[in-house]
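Undergrad: Using only what follows, build the 3D model:
(chains A and B)
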There are 2 protein chains.
Amino acid sequence: MNANPVLVEALRGTALESAHRGAVAIVDADGRTVLALGDTARAVFPRSAVKLLQALPLVASGAADALGLTDAELALACASHNGEPAHVATARGMLGKIGLDGEALECGAHWPSLDTAARALAAQGDAPVALHNNCSGKHAGFLCLACAMHGRDGLRAFTRGYAEPGHAVMREVTAALQAATDTDLAQTPVGTDGCSIPTYAIPLASLALAFARVATGQGLSDEHARAAQRLRRAIARAPFMVAGTGRFDTRVMEALGERVCCKVGAEGVYCATLPERGWGVAIKMDDGNTARAAEVVMAAVIEAALRLEGDAAALLRSLSDATLRNWRGTEVGRLRASNRLREALA
Amino acid sequence: MNANPVLVEALRGTALESAHRGAVAIVDADGRTVLALGDTARAVFPRSAVKLLQALPLVASGAADALGLTDAELALACASHNGEPAHVATARGMLGKIGLDGEALECGAHWPSLDTAARALAAQGDAPVALHNNCSGKHAGFLCLACAMHGRDGLRAFTRGYAEPGHAVMREVTAALQAATDTDLAQTPVGTDGCSIPTYAIPLASLALAFARVATGQGLSDEHARAAQRLRRAIARAPFMVAGTGRFDTRVMEALGERVCCKVGAEGVYCATLPERGWGVAIKMDDGNTARAAEVVMAAVIEAALRLEGDAAALLRSLSDATLRNWRGTEVGRLRASNRLREALA
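TA: The predicted structure follows:
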């Protein structure tokens, strides 16, 4: 891997302590490059950053309408959630609409991502189940899609192995990803994601293209264009569901509504749609650091791309140039977008 | 910051997903370079990796003997511990020996670093205090040193502000660090550490030199040489205290005893002493990633430097070339030392 430019700097006092390298692609729906910083041709595993694309068949198939899925449920289908009680209840409710429960999920169990939620669960004497998995809403969405494809009779038998690449459900999901990104996923490296579904390596610029298409609908089928718009609106109306307490995606979309639809992925991936610019954004940090690096880059991108004022401007600046404090609350340093990144975005 | 070489690779399937760059210095007690990979002249904040050096005055002052500090207590004085009950009890016991309690600690409070310990605390309806801070043993050691410098009368008043650079206690600690590293700490950037004490930027090669001196005693005062040997032995006899359940330092020193004395630091720093080679090791990852990157490098260094067999060899290989599994336990990739690092160490 060639060294991409430094995009994020961690300072202790006034000295540079650590730095994060990465690449940023910003593309419009015609595929024109708005920004290519670093190696944007390299294929990266998008991980959870493409959940909205993976949820397109859920809406386009008619399943969402047939089941009366709410905005909160559609947002949860695109989420990497904190495992807070509202997330768990919403995932359970989605499964209930098709007569299934958490036992049908194939994502595995982990403690809620939010520490306070994990400790609250432990304090109740409970242990986590698959519903707490940050991907449980996405998986519940896959099962709702399965119901639309198969009907309810024998649904549990039909869905077994739904997370495998060759299952009919996952083939639908993969086809939507392939169409949106204009990438032949049969010819690219494939890995297994944290929640057990396949993840396909896709050039960063092609990921950005897909999210530009989500912004405008251009380049998508009519059904997928409408589905993309509906999912964006659902997320804007229920931003808590897509992440949760204290999380970047929730805070930014609570502040900006439909002006941004952004989604975090593991290993330093971030994607976003900026509808008013008609742009898609894709970020990959070389070192795989999401929370400390990709988020800072995304905040700087949003600041530069949109005309922000007031509280929204202050929020994004606090995320692109953050004060680091220690356990006593003493200011010990800064975490900030590099000059190289700011200049490229200017 | 110039790009250092890739030392650690994270693979998903067989494709490179993320990579960690960094520098490694291995030096002998004469200051001769054994290995300089990447920029080893750059000054880095050593953070918690130098706790053994910061504990030298505790022993050299006679405080450890006067208070009858045990191996477990001396190991805890050099620890970044998990906040498990045994760590908390040992820190409390150290403070009890000088008539103080957790209220005297100036490190701040945080939930135990070990998730299971944090959840167990929450399940009891308790909240964390300063004794749970991973640095509470180091701070308890500072207070024991204060007792040796001042006596017990008015100790609490004397110790107030002990974490400040100008306090008599911290000046002793800083002098020990300066002497061991041959670095003028008045002329180098200074930051505030997570536990509120100062951290001084020191060239990576000078950190390695200090730990070579810990191996042989050469270049240290007689008192510090004896103190270093005593601290190394205490850690080897009580490796649980220096970290805790599941932690790299504890597992490696449980397996290798006095053959390695290694210590993790925040922001991708790792230092070690290898007595049988007479070498000191210092590692800094550019991106500040400790658990996923610096540990892998340290494992590869230990493997290459020592002749390991049986279970110890298998343990270190599992740490330098690790299987990554997802929430269902499926193997999804590898985390491994890069060929560049292996070749440099060969």
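
Undergrad: surely A:Glu267 meets A:Arg47?
TA: Yes. A:Glu267 is in contact with A:Arg47 according to CB atoms under 8 Å; the separation is 5.9 Å. Any C-beta I mention is one placed from the backbone N, CA and C, and that applies to glycine too.

Undergrad: Would you indicate which residues of the longest strand seen in chain A are buried?
TA: Secondary structure assigned by DSSP state E gives strand A:15-28 as the longest strand of chain A. Using 16 or more other CB atoms under 10 Å in any protein chain shown as the burial criterion, the residues of strand A:15-28 that qualify are A:16-28.

Undergrad: the inter-axis angle of that strand versus strand B:15-28?
TA: 160 degrees (axes from the mean of the first three to the mean of the last three CA atoms, to 10 degrees).

Undergrad: Mind checking if strand A:15-28 is in reach of chain B?
TA: Yes. In terms of CB under 8 Å from any CB of the partner chain, part of strand A:15-28 sits within range of chain B, namely A:Ala15, A:Leu16, A:Glu17, A:Ser18, A:Ala19, A:His20, A:Arg21.

Undergrad: Show the pLDDT at the nearest residue to A:Arg317 once chain neighbours are set aside.
TA: What sits nearest to A:Arg317 in space, not counting adjacent residues and going by CB to CB, 6 or more residues apart in numbering or on different chains, is A:Glu303, at 6.7 Å. For A:Glu303, the pLDDT comes out at 98.

Undergrad: from memory A:Glu303 sits against A:Leu315, does it?
TA: No. Under the criterion of CB under 8 Å, A:Glu303 makes no contact with A:Leu315, lying 9.9 Å away.

Undergrad: avg pLDDT for stretch A:18-38?
TA: This predicted structure assigns stretch A:18-38 an average pLDDT of 97.

Undergrad: contacting residues for the closest residue to A:Thr250 other than its chain neighbours?
TA: In space, not counting the residues next to it along the chain, A:Thr250 is nearest to A:Ala243; the distance is 4.3 Å by CB to CB, 6+ apart. Listed by CB atoms under 8 Å, 6 or more residues apart in numbering or on different chains, the contact set of A:Ala243 reads A:Ala79, A:Ser80, A:His81, A:Asn82, A:Asp249, A:Thr250, A:Val264.

Undergrad: now A:Ala243: how far from chain B?
TA: Distance of A:Ala243 to chain B, given as CB to the nearest CB, to the nearest Å: 18 Å.

Undergrad: Enumerate the residues of the stretch 101-250 of chain A near chain B.
TA: Of all the residues in the stretch 101-250 of chain A, those in contact range of chain B (CB under 8 Å from any CB) are A:106-111, A:115, A:118-120, A:122-123, A:125, A:133, A:189-196, A:199, A:201.

Undergrad: Would you write a PyMOL line that selects the buried entries of those?
TA: Selection command for PyMOL covering only the buried members of those, criterion 16+ other CB under 10 Å:
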select buried, chain A and resi 106+107+108+109+110+111+115+118+119+120+122+123+133+189+190+191+192+193+194+195+196+199+201
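
Undergrad: Out of the residues of the stretch 101-250 of chain A next to chain B, list just those in helices.
TA: A:Asp115, A:Ala118, A:Arg119, A:Ala120, A:Ala122, A:Ala123 (DSSP state H).

Undergrad: okay, the helix or strand the residue nearest to A:Arg317 falls within in PDB with CA atoms only?
TA: Of the helices and strands defined by DSSP states H and E, A:Glu303 is found in helix A:295-305. These are the backbone C-alpha positions of helix A:295-305, laid out as PDB (Å, rounded to 0.1, in the frame of the first residue of the first chain):
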ATOM      1  CA  GLU A 295     -15.100  10.900  11.200                       C
ATOM      2  CA  VAL A 296     -12.800  14.000  11.400                       C
ATOM      3  CA  VAL A 297     -12.300  13.800   7.600                       C
ATOM      4  CA  MET A 298     -16.000  13.500   7.000                       C
ATOM      5  CA  ALA A 299     -16.700  16.500   9.200                       C
ATOM      6  CA  ALA A 300     -14.100  18.600   7.300                       C
ATOM      7  CA  VAL A 301     -15.700  17.500   4.000                       C
ATOM      8  CA  ILE A 302     -19.200  18.500   5.100                       C
ATOM      9  CA  GLU A 303     -17.900  21.800   6.400                       C
ATOM     10  CA  ALA A 304     -16.200  22.600   3.100                       C
ATOM     11  CA  ALA A 305     -19.100  21.400   0.900                       C
END
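
Undergrad: Toward the C-terminus from it, list the very next helix or strand.
TA: Downstream of helix A:295-305, the next assigned helix or strand under DSSP H and E is helix A:310-320.

Undergrad: is it true that A:Ser221 touches A:Ala176?
TA: No. With contact defined as CB under 8 Å, A:Ser221 does not count as touching A:Ala176 (9.3 Å).

Undergrad: Find residues that contact each of the two.
TA: Between them, A:Ser221 and A:Ala176 share these contacting residues under CB under 8 Å, 6+ apart: A:Ala60.

Undergrad: Between these two, tell me which one has more neighbours.
TA: Between A:Ser221 and A:Ala176, counted using other CB atoms under 10 Å in any protein chain shown, the more crowded position is A:Ala176 (25 against 14).

Undergrad: Might one say that that one is in contact with A:Lys51?
TA: No. Taking contact to mean CB under 8 Å, the distance of 11.3 Å between A:Ala176 and A:Lys51 leaves them out of contact.
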